[in-house]
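Student: Need coordinates for the below:
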Amino acid sequence: MQINYFFQNMRTSTLTIQQTSLEELHRHLQHQFDFHYESQGQDMMVLILEEFYFRTNSNQLNMIILKRVGAAVEADIIAGGGGTGFFSISLGAERRFLTKAKKYLIELAHHKGWSWKETN
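Tutor: The predicted model follows:
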């Protein structure tokens, strides 16, 4: 989903993954991404990383929020701020992180035998 504000490129996606825990999903994500900030509560975890994109000469803030929802974990994937210049041209930087994170979580779910669905 793209947030449709003038000059804004933020993108979001949500996956719901069954048969796993926050802790196990967090462990796997730590091996795939170099998070710069992590905050954890009883039913929620916020994981943030910043990446530099040469093609736009800008930094982008990427975030994964894990929430325990009953017997499932909901993963909100958020990417934004990768644009540069007056028109905030990102050349697909936000979409790249979203695709990478979703692909990793879906492949992990298949490998582990977890069921999943995209909820937006």
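Student: Quick one: find the helix or strand in this structure with the lowest mean pLDDT.
Tutor: strand 44-53 (a mean of 86; mean pLDDT, DSSP states H and E).
Student: Pull the residues that contact that one.
Tutor: By C-beta atoms under 8 Å, 6 or more residues apart in numbering, the residues outside strand 44-53 that reach it are 22, 26, 29, 33-40, 58-68, 82, 90-91, 93, 97. C-beta here means a position set from N, CA and C on the backbone, and glycine is covered the same way.
Student: Any idea what residue 61 is bridged to?
Tutor: residue 50, residue 80 (DSSP bridges).
Student: And it, how far from residue 78?
Tutor: Distance, residue 61 to residue 78, using C-beta to C-beta, to the nearest Å: 8 Å.
Student: With residue 120 instead?
Tutor: 12 Å.
Student: Looking at these two, which one has more neighbours?
Tutor: Shown here are residue 120 and residue 78; by other C-beta atoms under 10 Å, residue 78 has more neighbours (20 against 9).
Student: tell me which element the residue minimising distance to the centre of the chain is part of?
Tutor: Averaging the C-alpha coordinates of the chain gives a centre point, and the residue nearest to it by C-alpha atoms, centre = their mean is residue 77 (2.7 Å). Per DSSP states H and E, residue 77 falls inside strand 72-80.
Student: Quick one: residues in contact with that strand.
Tutor: By C-beta under 8 Å, 6+ apart, the list of residues contacting strand 72-80 from outside reads 8-18, 20-22, 25, 60-67, 93-98, 101-102, 105, 119.
Student: Tell me which residues of it come out buried.
Tutor: Of the residues in strand 72-80, those buried by neighbour count under the rule 16 or more other C-beta atoms under 10 Å are 72-80.
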